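Peer 1: coords below, sequence missing:
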């Protein structure tokens with residue numbers, strides 16, 4: 001009978017050990033669930049911030065493209081004015097030079 005009681009005590013001890021392990025596993029799972037929730041929240045915030053960043057970069061890219069185009073147009077206009085002034089000066093010099101030769 002003592003053998004049966006010691007066996008029952010051993011089984012009860014094993015059950016208690018398994019119970020402790022299961023409670024520990026349950027606590028760890030609950031803790032992981034909380035951490036995963038936090039991670040998911042941070043991932044959502046990161047996604048929103050990356051979308052804002054993308055929109056901002058698109059706006060900056062367009063702004064810089066227009067600024068670049070503006071400067072190209074300004075430089076082209078200045079170059080055209082300089083070329084026209086040079087042509088007028090050369091035309092005046094050659095026309096006055098040919099007038100002086102014929103008299």
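Peer 2: Here it is on my side, so go on. Here the structure is a predicted model, which is why all the values come from computation and not from measurement. Residues are numbered from 1 along each chain as shown.
Peer 1: Would you map the helices across this protein?
Peer 2: Ranges of helices in the chain, per DSSP state H, are 2-102.
Peer 1: residue ranges with poor pLDDT in it?
Peer 2: Filtered on pLDDT under 70, the chain yields the residue ranges 1, 98-103.
Peer 1: repeat that with 50
Peer 2: Across the chain, residues meeting the criterion (pLDDT under 50) sit at 102-103.
Peer 1: Now for residue 52: which residues touch it?
Peer 2: Shown in contact with residue 52 (Cβ atoms under 8 Å, 6 or more residues apart in numbering): no residues. Backbone N, C-alpha and C define where each C-beta goes, glycine included.
Peer 1: ok, it to residue 45 distance?
Peer 2: Applying Cβ to Cβ, to the nearest Å, the value for residue 52 to residue 45 is 11 Å.
Peer 1: again with residue 21
Peer 2: According to Cβ to Cβ, residue 21 stands 36 Å off from residue 45.
Peer 1: what's the answer for residue 72, then?
Peer 2: Distance from residue 72 to residue 45, by Cβ to Cβ: 41 Å.
Peer 1: Over to residue 67?
Peer 2: 33 Å.
Peer 1: can you give me the offset of stretch 40-48 from its chain's centre?
Peer 2: Computed by Cα atoms, centre = their mean, to the nearest Å, the chain-centroid distance of stretch 40-48 equals 14 Å.
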